[in-house]
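> predicted model and sequence below, questions to follow.
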Amino acid sequence: MRVVLSTYGSRGDVEPLVGLAVHLRLLGAGVRVCAPPDEDFARRLADVDVPLVPVGPSARALTLAAPSPADLPRRAADLIAGQLGPVAEAAEGCDVLVATGMMPAAAGALSVAEKLGVRSVSVTFQQLTLPSPHRPPLAYAGRPLPPGVTDNRVLWDLDAGHVNALFGEALNTNRASIGLPPVADVRDYVVGARPWLATDPVLDPWRGSPELDVVQTGPWLLADERPLPDDLAAFLDGGEPPVCVGFGSMPLHAAEDPARVAVEAVRARGRRVVVLRGWAGLGPVDDRDDCLTVGEVNHQALFRRVAAVVHHGGAGTTTTAARAGAPQVVVPQAADQPYWAGRVAGLGVGVAHDGPTPTTASLSAALAEALAPAVRERATAVAGAVRADGAAVAAALLLDEAGRGRAA
């Protein structure tokens, strides 16, 4: 059985595929991952001996460039066009293609599967792109949802129109170039009738939709056995548990140096600090010995040893911190991150910072709440309920369905 996993996006779009790829190989499948050519993605996949098929431009460069809303249709066209050649070559003769990541890229990968006659599965790592009567859709940059409309069905209809306006022409132009007919509704094409939701039911409960048969597998995680770097291990051993601060693939909004804002907020609570550089390139703010800045490390091991985690609210970071039982302060920047901030606060395992632009005072106040003993107790309780087998469940289901489809 041959499987192609296709994505385009940040670390949070690639890391789950690492877990799925490893479990697919344990079941005897051959696996390739189509993803952006960024060095950290290539290194991560090389760690588990999974081939990377580079697709499109650097995701890090694209993220840090912060394109304007007016640029989205052009960038979408470029992303879709960039899928067609590499993904088609990787998927030739495969049994199933898994498509995820940014919507235009997923639309391009699904179009390749359609052209090749290959079975495909559409996957999301957060439920906010899945139409539901129970909540509104995400608003796209430059296309806010009308404030006076409260009917979720009406809002989802507006969302479909926004997606078509942003990505429809780009998708259908590229589909025509490979001999495929146009798609009338881009969002419905990408989501499909039976999308997979790779999130934890406790952290991200799916309440159902009459239009969709959603398969919630649990998060696609891989047990990380990498040891922590010697300097980080020594720092952790050298005093009380520090607060970990990192914003992953997001450039943090702040009125001043974001690293200084974060470090001073933690120091105001009498805690030491571990700063994760991330794509924002956070660095040391001075030479005091109560702060250590590190690059790529094992988050699973680190989060188990800290007093709290301050982060941007990506699905992967939120889930990893929850599994570790670490209280969280979420400073949401964009997309689904306000949703995860709300889930953290609603579950009582942390605090949602009010807005994307922290000050030393506002972040310190949020930390004071998150460091309360009751929050730690709740975080510990929730940690025991978060699933760890999602990637194994998804791998077995994927191969079972692909095998039955091949036999048919």
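Yep, that arrived. Computed from a prediction, not measured in an experiment: that's the story for all the values here. Numbering: from 1, shown residues only.
> which residues sit against stretch 362-369?
Stretch 362-369 is contacted from outside by 243, 261-262, 264-266, 268-269, 271, 308, 310, 329, 331, 351, 353-354, 358, 375, using C-beta atoms under 8 Å, 6 or more residues apart in numbering. Glycine gets a C-beta too; all of them are placed from N, C-alpha and C.
> distance from that stretch to the middle of the chain?
Here stretch 362-369 is found 25 Å from its chain centre; the criterion is C-alpha atoms, centre = their mean, to the nearest Å.
> list the buried residues in that stretch.
Within stretch 362-369, the residues scored as buried using 16 or more other C-beta atoms under 10 Å are 362-367.
> same deal with stretch 369-387?
Neighbour-count burial for stretch 369-387 [16+ other C-beta under 10 Å]: 370-371, 375-376, 378-379, 382-383, 386-387.
> what's the most distant pair in those residues?
Across those, the longest distance by C-beta to C-beta is 26.8 Å; it joins L371 and R387.
> quick revisit: just the contacts of stretch 362-369: which are in strands?
Residues of the contacts of stretch 362-369 located in strands (DSSP state E): 243, 308, 310, 329, 351.
> longest helix of the protein?
Ranked by residue count, the top helix of the chain under DSSP state H comes out as helix 152-177.
> emit the PyMOL select command for whichever of the contacts of stretch 362-369 are buried.
The PyMOL selection below is limited to those of those classed as buried (16+ other C-beta under 10 Å):
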select buried, resi 243+261+262+264+265+266+269+271+308+310+329+331+351+353+358+375
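> what about the strands in this protein?
Going by DSSP E, the chain shows strands at 2-6, 30-35, 52-54, 96-99, 119-124, 196-197, 215-216, 243-245, 273-276, 291-294, 308-311, 328-330, 350-352.
> out of the ones you listed, which is closest to R226?
Closest among the strands of the chain, using C-beta to C-beta: strand 291-294, at 12.7 Å.
> just checking, what packs against the closest one?
Packed against strand 291-294 by the contact rule (3 or more C-beta pairs under 8 Å, 6 or more residues apart in numbering; DSSP states H and E) you find helix 230-237, strand 273-276.
> give me the mean pLDDT for that strand.
Across strand 291-294, the average pLDDT comes to 95.
> direction included, what does that strand pair against?
strand 273-276 (parallel) (DSSP bridges).
> contacts for the partner strand, please.
232, 235-236, 242-248, 259, 262-263, 266-267, 282-284, 290-295, 297, 302, 306.
> just the buried residues of the residues you listed.
Using 16+ other C-beta under 10 Å, the buried members of the contacts of strand 273-276 are 232, 235-236, 242-248, 259, 262-263, 266-267, 282, 290-294, 297, 302, 306.
> so, low pLDDT: which residues of the chain?
For the chain, the stretches flagged by pLDDT under 70 are 64-68, 249-255, 405-408.
> domain ranges for it?
2-221+388-407, 230-383 (automatic domain parsing).
> gap between the two ends of the last one?
Right, domain 230-383. 27 Å (C-alpha to C-alpha, to the nearest Å).
> how far off centre is that domain?
17 Å.
> around the closest residue to T7 other than its chain neighbours, count how many other residues there are.
In space, and not counting its chain neighbours, T7 is closest to G101: 3.6 Å by C-beta to C-beta, 6 or more residues apart in numbering. By other C-beta atoms under 10 Å, 28 other residues sit near G101.
> from L212, how far off is V186?
When C-beta to C-beta, to the nearest Å is the yardstick, V186 and L212 sit 16 Å from each other.
> likewise for A113?
19 Å.
> between the two, who's got more neighbours?
A113 (23 against 18).
> the more buried one - nearest residue in space that isn't next to it in sequence?
S120 (3.8 Å).
> OK, contacts around the one you found?
Counted by C-beta under 8 Å, 6+ apart, S120 has contacts 96-99, 109-110, 113-114.
> at 10 Å what do you get?
4, 6, 91, 96-99, 106, 109-114, 192 (C-beta atoms under 10 Å, 6 or more residues apart in numbering).
> most neighbours, which of those residues?
A109 (33 neighbours).
> that one against G56, yeah?
No: between A109 and G56 there is no contact under C-beta atoms under 10 Å: 11.1 Å.
> now do the shared contacts for those two.
8, 34, 80, 83, 86-87.
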